[in-house]
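Peer 1: pasting the structure only:
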Ligand SMILES: Cc1cc2nc3c(=O)[nH]c(=O)nc-3n(C[C@H](O)[C@H](O)[C@H](O)COP(=O)(O)OP(=O)(O)OC[C@H]3O[C@@H](n4cnc5c(N)ncnc54)[C@H](O)[C@@H]3O)c2cc1C
């Protein structure tokens, strides 16, 4: 992990947290939503963080439900419990997702406070939720976070650039995070290879990728992305939409946001 970054005309001096230092031509931060590289070069996360009004806890629990490659979900307005069996395993992933107007600042960095908060929010819920809350108490892989996006005015500064969630996390409410990260990495690599220097490469990466990123980030709360409604009426509408999915033909026009960028063939400079 990077400890310090220092840019100069010919490179970036990097010292590593576990010791050692090196000078690189470029530094590309691909270290996710809470990017440390971003903080070092561009400033604190609060400058770029857009809270979307939800928190979630993810953890592993025993698959006593007989789930095989399937997901089941329980909902009430503003609350969702999900059991997700990726394969045919002894374990399943549990997610407890809930709406909250303000981020729970007190619970950050305190797993016990996170467990307490989730238990309080889901108190009295039916279905498999009591068992999930019991499993959450014992889970040693609890992952708790707020649901948020990263929006930055620029993705590079000098010889340092960001890619993926570090630069433009769209949140799982869009289902597009992996696509943006992969498309962004392709566009960044291609732009660097095709342009005459890193400044032109970073500028081309941003110029040719930003509209696609913004369109996908703007999907939050629209159509398929309205997955976790906070009112009974919106929940009913979502359920009606989900029930009809099986019988509906795919939309003729496809999904405009998903297809808004055709990956270019880059011509590499010799
Ligand atoms: C619950 C949940 C469900 C999701 N569902 C979907 C979905 O259905 N579809 C979808 O497309 N996307 C989904 N996403 C989003 C998707 O996971 C991310 O958008 C995607 O992983 C971003 O890729 P990335 O490579 O930019 O960052 P990450 O996958 O976050 O990778 C960053 C890497 O950097 C490492 N790292 C972090 N800090 C440091 C450091 N200081 N030093 C060194 N290394 C560091 C991390 O360990 C990690 O390996 C979901 C996310 C969550 C949380």
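Peer 2: Received it, and whenever you're ready, just let me know what you need. On a predicted model such as this, the values are computed, not experimentally measured, just so you know.
Peer 1: next, the contact list for residue 13, please.
Peer 2: Counting by C-beta atoms under 8 Å, 6 or more residues apart in numbering, residue 13 touches 4-7, 21-23. In short, each C-beta sits where N, CA and C put it, glycine included.
Peer 1: assign it to helix, strand or coil.
Peer 2: strand (DSSP: H, G, I helix; E, B strand; the rest coil).
Peer 1: circling back: now the contacts of residue 13 as TSV including pLDDT and secondary structure?
Peer 2: What follows is these, written out as TSV (pLDDT from 0 to 100; DSSP: H, G, I helix; E, B strand; the rest coil):
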residue	pLDDT	secondary structure
4	96	strand
5	96	strand
6	97	strand
7	96	strand
21	97	strand
22	97	strand
23	98	strand
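Peer 1: of these - the most surrounded one?
Peer 2: Neighbour tally across those (other C-beta atoms under 10 Å): the maximum, 19 neighbours, falls on residue 5.
Peer 1: closest one to residue 34 out of the contacts of residue 13, please.
Peer 2: Minimum distance to residue 34 across these is 16.7 Å, recorded for residue 5 (C-beta to C-beta).
Peer 1: who does residue 5 bridge with?
Peer 2: On the basis of DSSP bridges, residue 5 is bridged to residue 14.
Peer 1: before we move on, the earlier item: nearest to residue 175, of the contacts of residue 13?
Peer 2: For these, the nearest to residue 175 is residue 5 (32.6 Å; C-beta to C-beta).
Peer 1: and the chain, which residues reach the ligand?
Peer 2: Contact residues, the chain versus the ligand (C-beta under 6 Å from any ligand atom): 1, 30-32, 36, 58, 164-166, 169, 172, 175-179, 181.
Peer 1: are any of those residues buried, and which?
Peer 2: In those, burial by neighbour count holds for 30-32, 36, 58, 164-166, 169, 172, 176-177, 179, 181, counting by 16 or more other C-beta atoms under 10 Å.
Peer 1: restricted to strands, list those.
Peer 2: Per DSSP state E, strands hold the following members of those: residue 58.
Peer 1: and the least confident of the buried ones among the residues of the chain next to the ligand?
Peer 2: On pLDDT alone, residue 172 ranks lowest of these, at 91.
Peer 1: that one touches residue 147, doesn't it?
Peer 2: Yes: with contact defined as C-beta atoms under 8 Å, residue 172 counts as touching residue 147 (6.9 Å).
Peer 1: returning to that earlier point: which one of the contacts of residue 13 is nearest to residue 71?
Peer 2: Set against residue 71, the nearest of these by C-beta to C-beta is residue 5 (40.7 Å).
Peer 1: any figure for the gap between the closest one and the ligand?
Peer 2: 12 Å (C-beta to the nearest ligand atom, to the nearest Å).
Peer 1: how near is that residue to residue 206?
Peer 2: Per C-beta to C-beta, to the nearest Å, residue 5 is found 20 Å from residue 206.
Peer 1: ditto for residue 84
Peer 2: Applying C-beta to C-beta to residue 84 and residue 206 gives a distance of 35 Å.
Peer 1: so which of the two has more stuff around it?
Peer 2: Ranked by neighbour count (other C-beta under 10 Å), residue 84 and residue 206 place residue 206 first, with 20 against 15.
Peer 1: just checking, the more buried one touches residue 157?
Peer 2: No: applying C-beta under 8 Å, one finds residue 206 not in contact with residue 157, separated by 11.5 Å.
Peer 1: give me the number of residues near the closest residue to residue 168 other than its chain neighbours?
Peer 2: Counting by C-beta to C-beta, 6 or more residues apart in numbering, residue 213 is the residue found nearest to residue 168 once chain neighbours are left out, at 4.6 Å. Residues within reach of residue 213, counting by other C-beta under 10 Å, total 22.
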